[in-house]
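Colleague: below is the sequence, then the predicted model.
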Amino acid sequence: MAALQVLCFYGLFRSLLSTTENLYLAAGKPQVRTKLNLLQLVLMALLMYPLTIRYGIMGAAIAATLPSVLVVFLTLREAGKIIGESFGFIAKRFVPSIMGSLVMVVGIYAWYYVAAGLSPVLRLGGSVLVGVVVYVGFLWMTRRELFYEIRELVGRK
């Protein structure tokens, strides 16, 4: 179970990386994406064997996740160079979503505490519902203009 939780962070970092891939292609710099993916692969290969031997499946999860952390920072730095902005400027754009995610995690843990006596299916369904409501509610309170922009995009014909 713990290895799966570590791999969830790997998925998070991969999603952050995928947001910049089209930027590299549009800027005519697909080699940046290739080099970063190669770096991640090499680091993963170097870490995989020793960490798996030492820590088992958890080591394999860590070996996959650690290189992703480094590559995310490098990716955001390179993306900043392309669009003419600093790493901090780009990273700051992620803060509301990260804060919303943390608030959502707290809400889900609170739900699990309250719903301890319920069946696993009800706890899972409730946690999904609580997660969505808390996350959307947090974004509504902090970034309301985002919802208006989405409504405008959806309403266009």
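Modeller: Right, received. Where do you want to start?

Colleague: switch to C-alpha atoms for all contacts and neighbour counts from now on
Modeller: Fine.

Colleague: tell me which helix or strand E85 sits in.
Modeller: Per DSSP states H and E, E85 falls between elements, in no helix or strand.

Colleague: tally of neighbours for it?
Modeller: 14 (other Cα atoms under 10 Å).

Colleague: roughly how far does it sit from M99?
Modeller: E85 is 22 Å from M99, where distance means Cα to Cα, to the nearest Å.

Colleague: kindly report the same for L16.
Modeller: L16 is 16 Å from M99, by Cα to Cα.

Colleague: now do the domain split for the protein, please.
Modeller: 2-87, 95-155 (automatic domain parsing).

Colleague: what distance separates the start and the end of the last one?
Modeller: So that's domain 95-155. Taking Cα to Cα as the criterion, the two ends of domain 95-155 lie 28 Å apart.

Colleague: now the longest one
Modeller: One end of domain 2-87 to the other measures 31 Å (Cα to Cα).

Colleague: now that domain: mean pLDDT?
Modeller: If you average the pLDDT over domain 2-87, you get 90.

Colleague: circling back: just name the most buried of the domains of the chain.
Modeller: domain 2-87 (a mean of 16; mean count of other Cα atoms under 10 Å).

Colleague: centre of the chain to it, how far?
Modeller: Distance of domain 2-87 from its chain centroid, counting by Cα atoms, centre = their mean, to the nearest Å, is 11 Å.
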